[in-house]
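>>> Kindly generate the corresponding structure for this input.
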Amino acid sequence: MERAIRRRGIALLITIAFVLVIMAIIGMMLGTVQSSQKSVSQKKVLIQSDILLSNMLGILKSASGDINDSVMLDIFLSMPFVFDNSSHGISVDIAFRSNARVVNVNWLVLDKNSTNKRDPFEPEPLNQYIEEYLERILTVYNVSDTILLLSMIADTIDEDTDERISGSEIVRDNLDFMQSKIYNMHHFEQILYAYKQKTLDFSVDKIPWQSLISFDNDKIDFNYINPAVLQFVLEGLDAESIRLLTTHKDSVFTTIDDLPFSTEDKEKLKKMKIVFFDPNLRTTMRIQSTGAALQVALNYNLKTKRVSRVEITR
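Sure, this is the predicted structure:
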């Protein structure tokens, strides 16, 4: 217990130091940009974001080695990163969150690199647990042809052009349609569009897909699992139990033995790639300056210190 408290204290000091360094960087950045106040607002905010992002990533890479377990990560993610300087007409909001919160829909098709032998004339097999998860979602939202939609999703993920059922290979109707993986929500929505064209079933539009599926995470960190995901992963959990296990939990969970579930449910969670520390973060930096605004979002891995999937919006 004493060791855990000491470790939390060290993590807290590291995180506070990180915040102070970021604040110092922003202060220096504001001084640098102040001389160009007469520049066009949009150009100025681009300069500001470039300076801040570059320095922030440098500090994050040097500090991230100390964030290596669920307790330290929880302390880090609970810290506010909001900076406002009215005299310079700029505010900066940096948000970090776990990028392992929902089910990666690409898990539906089992690993293509698996060494398990299978009939080459049979379609690539599906992950039973992911299939059941998606089926429960489609059933709750009264999707009329769950078999067709699941087949269209699977046929997008696999690499062949063989139909699992009639009409499930979108690439046969659209040669420009991307295959072998679902890359993002826009790509997934193309599947939904093709499904709606075939069935005239628009119930899929009512499903909060953003809260239930993702496209690039390798695991799900139970400490940050979206409550809606847990609802469909484990049937029978009441709303209060889900709340106490997610948004209102007393402390982080460090192992699966911390969870008040049956052995069967724990095994199901393991099959759903549940872990209790995942180093992948989604970082969003919002900069608002006089007459302009910019948002930079990116994935950052605390372990490999690599940046991926950078998105910039104005």
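
>>> which residue ranges form the strands in the stretch 151-300 of the chain?
Taking DSSP state E, counting those that start in this stretch to define them, one finds strands in the stretch 151-300 of the chain at 213-214, 220-221, 274-275, 280-289, 292-301.

>>> and these as CSV, adding mean neighbour count?
C-beta: built from backbone N, CA, C; applies to glycine. Output for these, formatted as CSV (neighbours: other Cβ atoms under 10 Å):
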stretch, mean neighbour count
strand 213-214, 25
strand 220-221, 24
strand 274-275, 19
strand 280-289, 19
strand 292-301, 17
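
>>> Just put those in CSV and tack on distance to residue 150 and mean pLDDT.
What follows is the strands of the stretch 151-300 of the chain, written out as CSV (distance: least, Cβ to Cβ, whole Å; pLDDT from 0 to 100):
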stretch, distance to residue 150, mean pLDDT
strand 213-214, 13, 98
strand 220-221, 20, 98
strand 274-275, 22, 97
strand 280-289, 27, 86
strand 292-301, 27, 84
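
>>> okay, those in TSV with distance to residue 160 next?
TSV is the format used below for these (distance: least, Cβ to Cβ, whole Å):
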stretch	distance to residue 160
strand 213-214	23
strand 220-221	28
strand 274-275	30
strand 280-289	30
strand 292-301	29
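
>>> Residue ranges in the stretch 151-300 of the chain under the pLDDT threshold?
291 (pLDDT under 70).

>>> buried ones in stretch 236-244?
For stretch 236-244, a neighbour-count test (16 or more other Cβ atoms under 10 Å) marks 237, 242 as buried.

>>> Convert that stretch to PDB, retaining C-alpha atoms only.
C-alpha atoms of stretch 236-244 as PDB (Å, rounded to 0.1, in the frame of the first residue of the first chain):
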ATOM      1  CA  GLY A 236     -27.500  -8.200 -18.200                       C
ATOM      2  CA  LEU A 237     -25.400  -5.400 -16.600                       C
ATOM      3  CA  ASP A 238     -27.800  -2.700 -15.200                       C
ATOM      4  CA  ALA A 239     -27.200   1.000 -15.800                       C
ATOM      5  CA  GLU A 240     -26.000   1.600 -12.300                       C
ATOM      6  CA  SER A 241     -23.400  -1.100 -12.400                       C
ATOM      7  CA  ILE A 242     -22.100   0.200 -15.700                       C
ATOM      8  CA  ARG A 243     -21.900   3.700 -14.200                       C
ATOM      9  CA  LEU A 244     -19.900   2.500 -11.200                       C
END
